[in-house]
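Participant: only geometry, no sequence info:
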């Protein structure tokens, strides 16, 4: 709720436990992990090989607009966006007419705090993984996250085969 990251020790333990399960034997996708250099080091220490690192580059202001514009109908989980997918009636669920809510972690102040955390703790991973790729230890790709979903899907298909 405060826009802060989960402590490294907890995140590392959860990921290690999860990827040790049978359904991960053929591979797995980590979304948003690692988020810090110590988490990246813990992956290496655990003998976990990261084949591909994908950076989705999106300017901060676009991230703020995308997240702070979300509204949710909590009982059903339906998600709206003030600009991209607005409800038919302002702040009302299209099906039930019940009020929509803005989650605390979608509030602009919280998003801005999360971006500060990202720039301080996660952004250094970009150069870390570029160096890993240059050394032949992984593949690193930077994608423009402002493109349309279909375009990004096509680019991912080309990268990952």
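Facilitator: In hand now; what should we look at? Since the structure is predicted, the reported quantities are computational estimates derived from the model, not experimental observations. Residues are numbered from 1 along each chain as shown.

Participant: helix, strand, or coil at the most centrally placed residue in the chain?
Facilitator: Centroid check for the chain by CA atoms, centre = their mean gives residue 32 as the closest residue, at 4.6 Å. Here residue 32 takes the coil state, with states given by DSSP: H, G, I helix; E, B strand; the rest coil.

Participant: quick one, phi psi at it?
Facilitator: Here is the backbone geometry of residue 32 (degrees, to the nearest 10): phi 80, psi 20.

Participant: gap between it and residue 54?
Facilitator: Relative to residue 54, residue 32 is positioned 11 Å away (CB to CB, to the nearest Å). All C-beta spots, glycine's among them, are computed from the backbone N, C-alpha and C.

Participant: one more: residue 151?
Facilitator: 14 Å.

Participant: which one of those two has more residues nearby?
Facilitator: For residue 151 against residue 54, the residue with the higher neighbour count under other CB atoms under 10 Å is residue 54, and the figures read 18 against 12.

Participant: for the more buried one, give the beta-bridge partners.
Facilitator: The residues paired with residue 54 through beta bridges, assigned by DSSP bridges, are residue 141.

Participant: and it, what is it in contact with?
Facilitator: The contact partners of residue 54, taken as CB atoms under 8 Å, 6 or more residues apart in numbering, are 141, 143, 156, 159.

Participant: which of these lies closest to residue 103?
Facilitator: Distance ranking of the contacts of residue 54 against residue 103, using CB to CB, places residue 143 first at 26.5 Å.

Participant: that's a strand at residue 143, yeah?
Facilitator: Yes - applying three-state DSSP, one finds residue 143 inside a strand.
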